[in-house]
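Novice: What follows is a predicted structure for the sequence shown.
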Amino acid sequence: MELSARGLVFDVDVTGPEDAPAVLLLHGFPQTAHSWRHVVPHLRGYRTIAPDQRGYSPGARPAEVEAYRVPELAQDALAILDALGIGKAHVVGHDWGAAVAWQLGSRHPERLRTLSIVSVPHPRAFIEALHTDDDQRRKSLYMRDFARPGYADELLADGAAGLRGLFGGLPEVDVDHVVARAQQPGALAAWLRWYAAQRLEDIADTPAVAVPTLYVWSDGDVALGRAAAEGTAAWVTGPYRFEVLEGVSHWVPEQAAGPLGRLLNEHLQDR
């Protein structure tokens, strides 16, 4: 469905009964709501809302880099819930969607039933790791390229070889879907604005999270190391569960949809 919010039009996949508890699923780069397709069937009894976020929906693709700063992205998520008449939701985020979800959980706890994070640590734990952990510094070097003007063209060159390479040849990931969406005029450049718009001041004071929180990290993640993952516990004051998926890459919602779905159901139950 198409949904108008904040002067933009978002493509949103909605499933489940209208009167069921809502689960907002926030995807990461360079994927869309399609990345949740194997997780949604595990969330029976819930109403799932999976938007293509700012830059990914053709009707929500501002040209200005500043339009992609984290506070704007968080307000999009809240506006989507408002447009659907949802006061409180379970929020689940992966990759950049997790970065948005941390802001929702820390700054807008009144709108959340629970918070579920996949892959990305709390911003304060991540910043600390960048200062103290050589492994995380190495893993984060790619961000410089992703924020560089013109990088979209490089990723799409030679049949999108660079973009395809991000997924490491995993058969579970629908790379053809990603490439087809990225090849839409201006699409990949818009997705990369999330990186160009990063500002330390937007996340450096992120509060601790008091809502019930599940954090799922995978030890095969090439971008996010153990130090920040384990350091996240210091930034959750509410009920907290940390789960490590062994032998799983960064692309958890597709590679490990079953284990993730089971963990989500356990976390969301009775809340």
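Specialist: Received the coordinates, thanks.
Novice: ranges for the strands of the stretch 1-150 of the chain?
Specialist: With DSSP state E, counting those that start in this stretch as the criterion, the stretch 1-150 of the chain has strands at 2-5, 8-15, 22-26, 47-51, 89-94, 112-118.
Novice: Pipe these into CSV and attach mean pLDDT and distance to residue 223 per row.
Specialist: Using the backbone N, CA and C atoms, a C-beta is placed for each residue, glycine as well. Conversion of the strands of the stretch 1-150 of the chain to CSV gives the following (pLDDT from 0 to 100; distance: least, CB to CB, whole Å):
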stretch, mean pLDDT, distance to residue 223
strand 2-5, 98, 29
strand 8-15, 98, 26
strand 22-26, 99, 17
strand 47-51, 98, 22
strand 89-94, 98, 12
strand 112-118, 98, 13
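Novice: so where's the chain uncertain?
Specialist: Judged by pLDDT under 70, the chain has no weakly predicted residues.
Novice: Would you mind writing the CA trace of stretch 44-61 as CSV?
Specialist: The C-alpha coordinates for stretch 44-61 follow below in CSV (Å, rounded to 0.1, in the frame of the first residue of the first chain):
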residue,chain,number,x,y,z
ARG,A,44,1.5,-14.9,13.3
GLY,A,45,-1.0,-13.1,15.5
TYR,A,46,0.6,-9.7,14.9
ARG,A,47,0.0,-6.9,12.5
THR,A,48,3.3,-6.3,10.7
ILE,A,49,4.1,-3.0,9.1
ALA,A,50,7.2,-3.0,6.9
PRO,A,51,7.9,0.3,5.1
ASP,A,52,10.4,1.1,2.3
GLN,A,53,12.0,3.9,4.2
ARG,A,54,13.1,7.4,3.1
GLY,A,55,15.0,7.1,-0.1
TYR,A,56,13.8,3.6,-0.8
SER,A,57,10.2,4.5,-1.6
PRO,A,58,10.1,6.4,-4.9
GLY,A,59,7.6,8.9,-3.4
ALA,A,60,9.9,9.6,-0.4
ARG,A,61,13.2,10.4,-2.1
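Novice: what's the offset of it from the middle of its chain?
Specialist: Chain-centre distance of stretch 44-61: 11 Å, with CA atoms, centre = their mean, to the nearest Å.
Novice: Can you tell me which residue is spatially central in the protein?
Specialist: residue 97 (1.7 Å; CA atoms, centre = their mean).
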